[in-house]
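Asker: predicted coordinates and the sequence they were generated for:
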Amino acid sequence: MSPVDHVVTSGTFSLDGGTWDVDNNVWIVGDDKEVIVIDAAHDADKIAAAVGDRRVVAVVCTHAHDDHVNQAPALADRFGAPILLNPAEAPLWEMTHPDRAPDRELHDGDVLAAGGIDLRVLQTPGHSPGSSCLYAPELGTVFTGDTLFNGGPGATGRSFSSFDTIIDSIREKLLTLPGDTVVRTGHGDPTTIGAELPHLEEWISRGH
């Protein structure tokens, strides 16, 4: 079994009075006995089917936009797993789940483990105040949520976001990773750190 399973789910993202159709990448990391689920989006049944009979160590949210967390409580309850989220995401989380708080806080430098794989938490605010990425050194991959995509940084045009902050996060936390690190994103196709690194200045000039 691959240490990384990938499920694509479809639904909507709503913020600031607008709603958009989106396809989300859900990542399941671990072995044949236990896993961590990253970003429980849209379809709890589809995600649960991919998990199978494995133990879910945690449901980790890279950030709290509704398209990344709308199924987190349902999935966590189904598997008896805690929900992990950076506390700076509270205002966004409460828009979707006002009656259920995350179970544990996610902080920069935390190390989460499932099936012998370590995921290091990299705090990468900008797309949202407490956005987090998860770096698995032994897999040579980083799960970036909506912080870094194939082609550039995540969107910063809506509430609780900052372009300057996301650029600082990408420059300091992500582009310093090995160039062959595979970037597994919250939406769309994967990329690598090396493929995105040369475009930093171009993003900055475009963003301003």
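Answerer: The structure has been received and is ready for your questions. Numbers count the residues shown, from 1 in each chain.
Asker: contacts, neighbours, all on C-alpha from now
Answerer: Noted.
Asker: would you map the strands across this structure?
Answerer: All strands of the chain, identified by DSSP state E, fall at 4-15, 18-30, 34-38, 55-60, 83-85, 104-105, 111-114, 117-123, 132-136, 141-145, 148-149, 152-153, 182-185, 191-192.
Asker: out of those strands, which is closest to residue 202?
Answerer: Evaluated over the strands of the chain, closeness to residue 202 peaks at strand 152-153, with 9.4 Å, by CA to CA.
Asker: and the closest one, what does it pack onto?
Answerer: With contacts taken as 3 or more CA pairs under 8 Å, 6 or more residues apart in numbering; DSSP states H and E, strand 152-153 sits against no other helix or strand.
Asker: how far off centre is it?
Answerer: 14 Å (CA atoms, centre = their mean, to the nearest Å).
Asker: that one pairs with which strands, and in what direction?
Answerer: Here strand 152-153 is paired, per DSSP bridges, with strand 148-149 (antiparallel).
Asker: what bits of the chain have low per-residue confidence?
Answerer: 208 (pLDDT under 70).
Asker: follow-up on the earlier one: in a markdown table, list the strands of the chain along with mean neighbour count.
Answerer: Putting the strands of the chain into a markdown table (neighbours: other CA atoms under 10 Å) gives the following:
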| stretch | mean neighbour count |
| --- | --- |
| strand 4-15 | 16 |
| strand 18-30 | 19 |
| strand 34-38 | 25 |
| strand 55-60 | 24 |
| strand 83-85 | 24 |
| strand 104-105 | 14 |
| strand 111-114 | 18 |
| strand 117-123 | 21 |
| strand 132-136 | 26 |
| strand 141-145 | 25 |
| strand 148-149 | 26 |
| strand 152-153 | 19 |
| strand 182-185 | 24 |
| strand 191-192 | 20 |
